[in-house]
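Enquirer: Fold the following and give me the result.
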Amino acid sequence: MNASTLAILVVEDDPNLRLALRDNLEHQGGYVVEEATSVREAREQLSRRPFQLILLDVMLPDGDGYSLCRALRDEGETVPVMMLTARTLEDDVVRGFESGAQDYLGKPYRLRELLARVGALVRRAGGAQAKTVRFAGYTLDLAGRRVEHPSGEPIELTRKEFDLLAFFIRERERALRRDEILDAVWGADVVVDPHTVDNFVSSLKRKLRWNSASRFCLQTVRGVGYRLEVEGEAVAPA
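Expert: Numbers count the residues shown, from 1 in each chain. Reported below is the predicted structural model:
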């Protein structure tokens, strides 16, 4: 898939910013760009076609980007979201990630940084859809449900451990709430103690032989849950 086939939805009510984003993404990034000026228009665009990325303003005339992003995640929408906003206090950034955004960039932004972040998100999303992915030297066969250590040795995981690892990889670099993890891996209708997530994370780290020299980390996010960090974001189709 080349850039010209990748569609990005820009949700921004400021006409000057929206036009600048469209021009730069189309002319310098080579992307197909659609626009929305409100939550309602964003919903309409999302109902018409799939997108590979949403660039989402926080303050919109009929709602806010945090609520829209959270609603999309609750509905099972997995398209990556980058929030573009002048609200850059720590609490704002944390709220953005907690709502389900993969990235958060403050205004005014630098064009080259924006294009680089957009490219990284699109590549990561494409890698997550592959049947086999590599991360930090490990190989994860999603179809065969097999995991291979960087040394080449197979790693035996339970069904839930494998599902949890696959979910972390798909949502890498995003702070994941414990209840969000439980809904995705155990199911929204299953009642499970939230501390179960902690036990399974510990088990995963042990079976993957994690240590301080490993190229990945299942990072605890205080007050939220966990985030998978991969050195250099080195996740790619095998």
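
Enquirer: Let me see the residues that make contact with the longest helix that the chain contains.
Expert: Longest helix in the chain by number of residues (criterion: DSSP state H): helix 111-128. Residues from elsewhere that reach helix 111-128 (Cβ atoms under 8 Å, 6 or more residues apart in numbering): 1, 6, 8, 24-25, 28-29, 31, 52-53, 55, 79-80, 82, 84, 102-103, 105, 133, 169-170, 172-173, 233, 235-237. No exception for glycine: its C-beta is placed from N, CA and C like everyone else's.

Enquirer: Buried ones only from those residues, please, as a ChimeraX command.
Expert: ChimeraX command restricting those to the buried ones, with burial defined by 16 or more other Cβ atoms under 10 Å:
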select :6,8,24,25,29,31,52,53,55,79,80,82,84,102,103,105,133,169,170,172,173,235
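
Enquirer: Which helix or strand in the chain has the lowest average pLDDT?
Expert: Lowest on mean pLDDT, DSSP states H and E among the helices and strands of the chain sits strand 235-237, with a mean of 49.

Enquirer: the residue most distant from the middle of this structure, which is it?
Expert: Most distant residue from the mean C-alpha position of the chain: residue 153, 28.8 Å away (Cα atoms, centre = their mean).

Enquirer: low-scoring pLDDT stretches of the chain, where are they?
Expert: By pLDDT under 70, the low-scoring segments of the chain are 1-5, 125-131, 188-189, 232-238.

Enquirer: any idea where the helices of it begin and end?
Expert: Using DSSP H, helices in the chain cover 15-27, 39-48, 65-74, 90-98, 111-128, 159-170, 178-185, 195-207.

Enquirer: need the ones you listed in JSON lines with distance to residue 214, can you?
Expert: Output for the helices of the chain, formatted as JSON lines (distance: least, Cβ to Cβ, whole Å):
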{"stretch": "helix 15-27", "distance to residue 214": "36"}
{"stretch": "helix 39-48", "distance to residue 214": "37"}
{"stretch": "helix 65-74", "distance to residue 214": "28"}
{"stretch": "helix 90-98", "distance to residue 214": "23"}
{"stretch": "helix 111-128", "distance to residue 214": "19"}
{"stretch": "helix 159-170", "distance to residue 214": "14"}
{"stretch": "helix 178-185", "distance to residue 214": "21"}
{"stretch": "helix 195-207", "distance to residue 214": "9"}
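
Enquirer: Which among those helices is found nearest to residue 149?
Expert: Go through the helices of the chain one by one with Cβ to Cβ and the one that ends up closest to residue 149 is helix 195-207, at 9.4 Å.

Enquirer: which other residues reach that closest one?
Expert: Residues contacting helix 195-207 (Cβ under 8 Å, 6+ apart): 155-157, 160-161, 164-165, 178, 181-182, 186, 218, 225-226.

Enquirer: tell me the angle that helix makes with helix 178-185.
Expert: 70 degrees (axes from the mean of the first three to the mean of the last three Cα atoms, to 10 degrees).

Enquirer: Tell me how far helix 195-207 lies from the chain's centre.
Expert: What separates the centre of helix 195-207 from the centre of its chain is 21 Å, taken as Cα atoms, centre = their mean, to the nearest Å.

Enquirer: And for stretch 174-190?
Expert: 14 Å.

Enquirer: Now do the end-to-end distance for that stretch.
Expert: One end of stretch 174-190 sits 24 Å from the other (Cα to Cα, to the nearest Å).

Enquirer: Go ahead and name everything in contact with it.
Expert: 73, 94, 97-98, 100-102, 160, 163-164, 167-168, 192, 194, 196-197, 221, 224-227.

Enquirer: If we use 7 Å, what do you get?
Expert: Outside stretch 174-190, the residues that touch it by Cβ atoms under 7 Å, 6 or more residues apart in numbering are 97-98, 102, 160, 163-164, 167, 192, 194, 197, 221, 224-227.
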